[in-house]
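A.B. asks: Build the 3D model from these lines:
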Amino acid sequence: MEFEFKLRRRIEFAETDMAGIVHFSNFFRMMEVTEHAFLRSLGFTVHGEGEGGTTGWPRVSVSCDYFRPLRFEDEVEIHLLVSEVRNRSLRYQFVFRKVGEEAEVARGAVAAVCATVDKATGKLGPVPIPEALRAKLVAAPVHLLESRPPVTA
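C.D. replies: Residues are numbered from 1 along each chain as shown. Have a look, this model is predicted:
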């Protein structure tokens with residue numbers, strides 16, 4: 001059963017602002033890319049077609065706290081932790097670190113609901129997480145989820 005996934009990537013110039021620092025909104029994109037890679041690693045997708053319609057994972061809550069800047073060409077590791085598995089929803093925690101450094105750069109959270117768009121009506125509605133996926137997930141141990149104060153340089 002899985003509760004964590006790590007993704008490394010390099011910061012692109014287009015992700016930075018005029019000060020050369022990663023724009024805050026790009027942390028949300030990085031969280032989403034990491035979530036997609038995590039689901040693919042388990043043999044699933046964030047967007048699929050099923051008998052009842054299109055299944056996806058709309059967000060119901062997102063947040064991110066920032067501790068240090070990331071800049072162009074920094075290599076960052078995004079550590080996804082499954083913080084909660086419910087019948088129809090998942091919660092993730094994300095920890096961002098520059099590769100080779102212990103200090104957290106940022107910490108984010110996402111709550112997503114498994115939902116389907118009915119082909120006949122076009123209505124979006126929550127559905128249970130597919131059992132094949134649910135069977136592969138477990139919440140991370142509490143000690144990994146506890147917020148730690150950022151380590152100072």
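A.B. asks: Between the two ends of stretch 131-143, what distance do you get?
C.D. replies: 27 Å (C-alpha to C-alpha, to the nearest Å).
A.B. asks: Distance-wise, check Glu32 relative to Glu146.
C.D. replies: 24 Å (C-beta to C-beta, to the nearest Å). Every C-beta, even on glycine, is put in place using the N, C-alpha and C of the backbone.
A.B. asks: okay, these two: which has more neighbours?
C.D. replies: Shown here are Glu32 and Glu146; by other C-beta atoms under 10 Å, Glu32 has more neighbours (17 against 8).
A.B. asks: Secondary structure element holding the more buried one?
C.D. replies: helix 25-41 (DSSP states H and E).
A.B. asks: What is the three-state secondary structure of Asn95?
C.D. replies: One thing to correct before we go on: residue 95 is Val, not Asn. Put simply, Val95 is strand when judged by DSSP: H, G, I helix; E, B strand; the rest coil.
A.B. asks: Can you get me a residue count around the residue nearest to it when sequence neighbours are not counted?
C.D. replies: Nearest residue to Val95 in three dimensions, chain neighbours excluded: His79, at 4.3 Å (C-beta to C-beta, 6 or more residues apart in numbering). His79 has 17 neighbouring residues, counting by other C-beta under 10 Å.
A.B. asks: didn't His79 look like it was pressed against Lys6?
C.D. replies: Yes. Contact status for His79 versus Lys6: in contact at 5.2 Å, counting by C-beta atoms under 8 Å.
A.B. asks: Quickly list what's touching both of these two.
C.D. replies: The contact sets of His79 and Lys6 do not overlap (C-beta atoms under 8 Å, 6 or more residues apart in numbering).
A.B. asks: follow-up on the earlier one: dump the residue contacts of the residue nearest to Val95.
C.D. replies: Glu4, Phe5, Lys6, Phe94, Val95, Phe96, Arg97.
A.B. asks: just Arg59 next, same as before
C.D. replies: Val110, Ala111, Ala112.
A.B. asks: Please repeat the previous calculation with a cut-off of 10 Å.
C.D. replies: Residues near Arg59 by C-beta atoms under 10 Å, 6 or more residues apart in numbering: Phe28, Met31, Glu32, Glu35, Val110, Ala111, Ala112, Val113.
A.B. asks: what's Ala115 in contact with, if anything?
C.D. replies: 53-58, 60, 88-89, 123-127.
A.B. asks: go with 6 Å
C.D. replies: Contact analysis of Ala115 by C-beta atoms under 6 Å, 6 or more residues apart in numbering lists Pro58, Leu124, Pro126.
A.B. asks: Fine by me, we can end here.
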